[in-house]
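Undergrad: generate coordinates for the sequence data below:
(2 chains)
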2 protein chains.
Amino acid sequence: MTDEFPGILNCPVPITNHQTVQLGHGSGGKMSRELLTKLFLPRFGNDALNELGDQARLEMNGAHIAFSTDSFVVDPLFFPGGNIGDLAVNGTVNDLAVGGAIPKYLSVGFIIEAGFPIEDLHRILLSMEAAAKQVGIPVVTGDTKVVEKGSADKMFINTTGIGLIPDDIRLTPKNIQSGDQVIVSGYIGDHGITILSSREGLALESDIRSDTAPLHGLVREMLVAVPDGIRVMRDPTRGGVATALNEFAEEAGNRIRIDSSALPLREEVQSACEILGIDPMYIANEGKLLAIVAPEQSDDLLEVMRKHEYGEHAAVIGEVLDGEDGRVSLTTGLGAETIMDMLPGEQLPRIC
Amino acid sequence: MTDEFPGILNCPVPITNHQTVQLGHGSGGKMSRELLTKLFLPRFGNDALNELGDQARLEMNGAHIAFSTDSFVVDPLFFPGGNIGDLAVNGTVNDLAVGGAIPKYLSVGFIIEAGFPIEDLHRILLSMEAAAKQVGIPVVTGDTKVVEKGSADKMFINTTGIGLIPDDIRLTPKNIQSGDQVIVSGYIGDHGITILSSREGLALESDIRSDTAPLHGLVREMLVAVPDGIRVMRDPTRGGVATALNEFAEEAGNRIRIDSSALPLREEVQSACEILGIDPMYIANEGKLLAIVAPEQSDDLLEVMRKHEYGEHAAVIGEVLDGEDGRVSLTTGLGAETIMDMLPGEQLPRIC
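TA: Take a look at the predicted model:
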């Protein structure tokens, strides 16, 4: 047992709040952060990993390469608006894109439960093909493992992507300045509510669909229109808008204040959230991005975004303040201001 | 359901020998090949993927990049000689190395079953850290998903690697010529027999250990010593030596003949194979490589390999014939010659 590496058994197990892995450790929120800081970073910490972006920024033969990995365990596999296949392609494409990279190559790894219907696998592959073609990113290498019935729930997919970052682009929360504005590219919460209602068999009155979409095209147009105005971007997937903003605030050291009345939220998502008792700010999105932008350029940027099919409902939702507490607050219509933390535990397991 | 891409539902499901995914589809052998050729390649086929190597060879800004992905589902997670952590690092390092690449960066994706002990996760991470340090390859990006108890068997790990291929290196089965010799870097079958006996709780008389090891250093020395003599290399993991040789023979169009008496095989592995009724040629190895080599350079190469800790027992085990049937045959001591096919189905599920 790990006898290849004598000595490592002397390294004490870090003290964590739980002695076993919990669903919340995969939430993308606070518990994920605990696992990351106490277990993963002490083992693997390096400049690229320590940045904790959705992608690593690497140098290879003078080129700036983005590298990003994501495993998809969404349940159910098929849902209104997409399935695990296009979700897996778009998810990694978006992680590359929000770092300013042009997605170039994709790898795909399948873990399949024995007994999985070939017909469903074929449907998923067709969606992956269509999604990859939409982006123009080839799947260049892959791997398939099959485990016994009962050893995995139907299918999991890992996608890992390589992108090329143009030389002049360096998006990082370190760029954030007080006075910057916060833009979201459209309606929030659609993906999470879709998955939750498919899973629970909820008959919500309207047909909400996952927003799964590739954002590389939108990002490209944003960077062309406002080459110097965009500080950083992130796609608010697990943990939702609230968690992504908390990451920004924490890394920048500034307070970010969000105006709740400015949030683009479909009525049907809002009412589903009320029925289900969940907060749309913590729900995963799969075709949205957050951008922190220089205030003098936000109007120009919004105009460009709104012309794009995936940015039609883009809006300024808040601003970066002088305050240095690294937290996020939410103002309500009544003028009250409350702190909006990272997702503390697990809200919706297996959302992506 | 896949309604984002109208029209794709018209694409008929390919006719396969089974209507559901079988364990054999993950074996690395014939059934894996069926899935690949009937389902995956029609969707994703492109020059890089069509080569069917263990890694894709890509061009980025003039650099030759190797890109390889592998998911690890080994059961049990801990076994004599290693655990899923170092196996996952070494596995992807080796896929890059046998393509002639210098491993540069690694991504890691975990899928963990809720309830998994933090202590075991920590042990696995320590092994990954040690394995990555041994190679000098940083883990630069990662992802962790947690699924409900019962939705995955303990833990699966995906590793994806990027390597840099020196400009003058182009290893491919297309280089194979009749008269070439076949070299294996050491004892075969150790990993598979270790996993099988750990799993079954077999009390084999001796302590066989997994051969999990990184081969990048051995490969580098081989390429320096014999820069023009190595046609192609592969690490015979799932499906074993027999399957990897069949891939070579098929792609080259030549017959490859193996001399069974030349195979480096530990006595204890041989007797375990006899007891268990399995053929060592089909068993996964995790620290071995096969090389096809120009005959006039094989002595020099063997000498270099045998000086390396992971090539100590390297041996010439066969040769490439004139024949163009693209098959592999095995000669026995009695002079008989039998065809050795790819692994037809599943021999040992979840071996890596």
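
Undergrad: show me which strand runs longest in chain A.
TA: Ranked by residue count and defined by DSSP state E, the top strand of chain A is strand A:102-113.

Undergrad: which other helices and strands contact that one?
TA: Applying 3 or more C-beta pairs under 8 Å, 6 or more residues apart in numbering or on different chains; DSSP states H and E, one finds that strand A:102-113 contacts helix A:84-97, helix A:118-135, strand A:139-147, strand A:155-164, helix A:216-225, strand B:56-60, strand B:63-72, strand B:155-164. C-beta coordinates here come from the backbone N, C-alpha and C atoms, glycine included.

Undergrad: mind checking which of these is nearest residue A:11?
TA: Closest to residue A:11 of the helices and strands packed on strand A:102-113 is strand B:155-164 (C-beta to C-beta; 19.1 Å).

Undergrad: now the element after that closest one, going C-ward?
TA: Once the chain leaves strand B:155-164, the next helix or strand it forms, by DSSP states H and E, is strand B:181-184.

Undergrad: can you show me the CA trace of that next one as PDB?
TA: C-alpha atoms of strand B:181-184 as PDB (Å, rounded to 0.1, in the frame of the first residue of the first chain):
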ATOM      1  CA  GLN B 181      12.300  -6.900 -34.000                       C
ATOM      2  CA  VAL B 182       9.800  -6.700 -31.100                       C
ATOM      3  CA  ILE B 183      11.200  -5.800 -27.700                       C
ATOM      4  CA  VAL B 184       9.300  -5.800 -24.400                       C
END
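
Undergrad: for residue A:176, what are its contacts?
TA: By C-beta atoms under 8 Å, 6 or more residues apart in numbering or on different chains, the contact list for residue A:176 reads A:231, A:232, A:248, A:251, A:252, A:254, A:292, A:320.

Undergrad: look at it and report its pLDDT.
TA: Per-residue confidence (pLDDT) for residue A:176: 97.

Undergrad: quick revisit: partners of the longest strand of chain A in the sheet?
TA: strand A:139-147 (parallel), strand A:155-164 (antiparallel) (DSSP bridges).

Undergrad: find the closest residue to chain B in the stretch 51-200 of chain A.
TA: residue A:146 (3.1 Å; C-beta to the nearest C-beta).

Undergrad: the residue nearest the centre of chain A in helix, strand or coil?
TA: Centroid-nearest residue in chain A, with C-alpha atoms, centre = their mean: residue A:237, separated by 3.2 Å. Secondary structure for residue A:237, judged by DSSP: H, G, I helix; E, B strand; the rest coil, is coil.

Undergrad: and chain A, what are its domain boundaries?
TA: Per automatic domain parsing, the structural domains of chain A span A:55-165, A:173-339.

Undergrad: confidence-wise, which of the helices and strands packed on strand A:102-113 is weakest overall?
TA: The minimum mean pLDDT among these belongs to strand B:56-60 (a mean of 90).

Undergrad: got the angle between that one and strand B:155-164?
TA: 50 degrees (axes from the mean of the first three to the mean of the last three C-alpha atoms, to 10 degrees).

Undergrad: list the buried residues in strand B:56-60.
TA: For strand B:56-60, the neighbour count (16 or more other C-beta atoms under 10 Å in any protein chain shown) marks B:56, B:57, B:58, B:60 as buried.

Undergrad: check stretch A:76-84 too.
TA: A:77, A:78, A:79, A:80, A:81, A:82, A:83, A:84.

Undergrad: just stretch A:169-182 next, same as before
TA: In stretch A:169-182, counting by 16+ other C-beta under 10 Å, buried: A:169, A:171, A:173, A:176, A:180, A:181, A:182.

Undergrad: sorry, back to before: quick check: bridge partners of the residue of the stretch 51-200 of chain A closest to chain B?
TA: Per DSSP bridges, the residues bridged to residue A:146 are residue A:112.

Undergrad: residue ranges with poor pLDDT in chain A?
TA: Scanning chain A for pLDDT under 70 picks out A:1-9, A:202-206.

Undergrad: one more pass at 80, please.
TA: For chain A, applying pLDDT under 80 flags the ranges A:1-10, A:51-53, A:200-206, A:323-324, A:333, A:335, A:345-347.

Undergrad: how many neighbours does residue A:286 have?
TA: Taking other C-beta atoms under 10 Å in any protein chain shown as the neighbour definition, residue A:286 ends up with a count of 27.

Undergrad: what does stretch A:338-347 contact?
TA: Contacts of stretch A:338-347 (C-beta under 8 Å, 6+ apart): A:22-24, A:26-31, A:33, A:238-240, A:242-243, A:245-247, A:258, A:278, A:281-283, A:327-330, A:332, B:146.

Undergrad: can you convert the buried residues of stretch A:76-84 into TSV and add a column each for distance to residue A:271 and secondary structure?
TA: As requested, the buried residues of stretch A:76-84 are arranged in TSV below (distance: C-beta to C-beta, whole Å; DSSP: H, G, I helix; E, B strand; the rest coil):
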residue	distance to residue A:271	secondary structure
A:77	27	coil
A:78	24	strand
A:79	19	strand
A:80	17	coil
A:81	19	coil
A:82	23	strand
A:83	26	strand
A:84	27	helix
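
Undergrad: JSON lines for those, including distance to chain B?
TA: Formatted as JSON lines, the buried residues of stretch A:76-84 follow (distance: C-beta to the nearest C-beta, whole Å):
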{"residue": "A:77", "distance to chain B": "10"}
{"residue": "A:78", "distance to chain B": "5"}
{"residue": "A:79", "distance to chain B": "8"}
{"residue": "A:80", "distance to chain B": "8"}
{"residue": "A:81", "distance to chain B": "7"}
{"residue": "A:82", "distance to chain B": "6"}
{"residue": "A:83", "distance to chain B": "6"}
{"residue": "A:84", "distance to chain B": "11"}
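
Undergrad: can you give me the strands for the stretch 201-350 of chain A?
TA: Under the criterion DSSP state E, counting those that start in this stretch, the stretch 201-350 of chain A carries strands at the ranges A:230-234, A:256-259, A:290-293, A:315-320, A:328-331, A:337-339.

Undergrad: hmm, back to that, and chain A, which of the buried residues of strand B:56-60 contact it?
TA: Among those, the residues that sit close to chain A (C-beta under 8 Å from any C-beta of the partner chain) are B:56, B:58, B:60.

Undergrad: ok, and the closest non-adjacent residue to the last one?
TA: Using C-beta to C-beta, 6 or more residues apart in numbering or on different chains and skipping the chain neighbours, the partner closest in space to residue B:60 is residue A:63 (5.7 Å).

Undergrad: show me what contacts residue A:235?
TA: Contact partners of residue A:235, counting by C-beta under 8 Å, 6+ apart, are A:54, A:94, A:95, A:97, A:98, A:215, A:244, A:285, A:286, A:288, A:289, A:290.

Undergrad: scan these and report the most crowded one.
TA: In the contacts of residue A:235, the most neighbours by other C-beta under 10 Å go to residue A:94, 33 neighbours.

Undergrad: which elements pack onto the helix or strand harbouring residue A:199?
TA: Residue A:199 is part of helix A:190-200, with elements assigned from DSSP H and E. On a contact count with 3+ C-beta pairs under 8 Å, 6+ apart, helix A:190-200 meets strand A:78-79, helix A:267-276.

Undergrad: what about the residue of the stretch 51-200 of chain A closest to chain B, distance to residue A:106?
TA: The gap separating residue A:146 from residue A:106 is 21 Å, by C-beta to C-beta, to the nearest Å.

Undergrad: now residue A:182
TA: Plainly put, residue A:182 is 30 Å away from residue A:106 if you go by C-beta to C-beta.

Undergrad: residue A:185 contacts residue A:316, correct?
TA: No - judged on C-beta atoms under 8 Å, residue A:185 makes no contact with residue A:316 at a distance of 11.4 Å.
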